[in-house]
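Chemist: no sequence for this one, just the structure:
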Ligand code: UT7
């Protein structure tokens, strides 16, 4: 009997209206457009300015976009998985609130946190539930309000991140399309290089932690860059090798958008020309869990049924990996 595969059958996306450009950042910290563009590839990012709105606001918008475009009945969704590093609240899953707000009243839901690899790891989770035959419709949302954890006086991090969300619906496929293979990794040695020190169980919030700005993202960019550049390229090459794919067989690389130089290194290693590499870092910066689904949202019209897509991501933790997926529809 042919194995049940899990395919993406619809996508949606959302970015907030407010644009934070490199030019404006020049007035906030000691930086310049030339440095940011040449070191990262970023020109602008979106910021959620609405008061009292968190990551769920972004996630709901992306899910609503998917529902409106695909016509899926939210009541038929079995499971809502929200991949995020910036949940609405430390306790109480953002996914539960999102599921209720979009009318997925028959679904169960939870959050998944693997920093910038959250959506990639979520693809594996979503596909596994479908492949097992247990559920028929899984909604995976990658959403992050990174502006809520960024220190806008720290030029080493504030130029990188942005807010956004993307969504993908996973359903069974009887033509063998959808997720084909995955290679996912973690290494706890990385947590010292990219983290938020306070607000967790080791160092709960206190006047001291606030004074010391320990609730913001800390990144040792150089170290993370070194690990990211080699690991993202390695796993992408590995997934191609073990599926006997040459650069001619791959139609698209769908890479996490952390740094244009990391993306280029991965594409070079895979032997892919630039026109096969999805890019939107110049417009949104690094939206953490939202980068991969926002790429699908932006490139959906160019994707054809049967296209071979290689997803790759690297993030804090460390977490990283690659997924080989066959696209399942023409739009
Ligand atoms: O998505 C999760 C995983 N994250 C990543 O993959 C990020 C990986 N890291 C990176 O993308 C890069 O390391 C950064 C973009 C964060 C930094 O680029 P870099 O080329 O590694 O720069 P650097 O940290 O080595 O800094 C080079 C110089 C330093 O000055 P000195 O010490 O050489 O005088 C920095 O102080 O650039 C300086 N600098 C800046 N200058 C202007 C750092 N940030 C800025 C800035 N504007 N915003």
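Modeler: Noted; the coordinates are in hand. Note that the structure is predicted; figures quoted are calculated from it, not measured.
Chemist: for the rest of this, base every contact and every neighbour count on C-alpha atoms.
Modeler: Fine.
Chemist: so how far is residue 26 from residue 148?
Modeler: 20 Å (C-alpha to C-alpha, to the nearest Å).
Chemist: more neighbours, these two?
Modeler: residue 148 (18 against 15; other C-alpha atoms under 10 Å).
Chemist: assign that one to helix, strand or coil.
Modeler: Using DSSP: H, G, I helix; E, B strand; the rest coil, the structure places residue 148 in helix.
Chemist: so what pLDDT did it get?
Modeler: At residue 148, the model reports a pLDDT of 98.
Chemist: likewise residue 2?
Modeler: 62.
Chemist: enumerate the residues of the stretch 1-150 of the chain near the ligand.
Modeler: Proximity of the stretch 1-150 of the chain to the ligand is confined to 31-32, 35, 39-40, 116 under the rule C-alpha under 6 Å from any ligand atom.
Chemist: let's see 8 Å
Modeler: 29-32, 35-36, 39-40, 115-116 (C-alpha under 8 Å from any ligand atom).
Chemist: can you tell me which of those residues is nearest residue 68?
Modeler: Proximity of these to residue 68 (C-alpha to C-alpha) peaks at residue 116, which lies at 27.2 Å.
Chemist: for residue 312, see how far away that closest one is.
Modeler: Computed as C-alpha to C-alpha, the residue 116 to residue 312 distance reads 10 Å.
Chemist: same check on residue 301?
Modeler: In this view, residue 301 and residue 312 are 21 Å apart by C-alpha to C-alpha.
Chemist: more neighbours: those two, which one.
Modeler: residue 312 (30 against 10).
Chemist: which residues touch the closest residue to that one other than its chain neighbours?
Modeler: Leaving out its chain neighbours, the residue that sits closest to residue 312 by C-alpha to C-alpha, 6 or more residues apart in numbering is residue 322, at 4.3 Å. Residue 322 sits next to 120, 182-184, 232, 235-236, 239, 310-313 when contact means C-alpha atoms under 8 Å, 6 or more residues apart in numbering.
Chemist: filter those down to just the ones in strands.
Modeler: Among the contacts of residue 322, the ones falling in strands (DSSP state E) are 182-184, 310-313.
Chemist: out of these, who's the most crowded?
Modeler: residue 313 (33 neighbours).
Chemist: run me through the strand neighbours of the one helix or strand residue 111 maps to, direction for each.
Modeler: Element membership of residue 111, judged by DSSP states H and E, is strand 108-112. Applying DSSP bridges, strand 108-112 is found paired with strand 79-83 (parallel).
Chemist: average pLDDT for the strand it pairs with?
Modeler: Per-residue scores along strand 79-83 average to 98.
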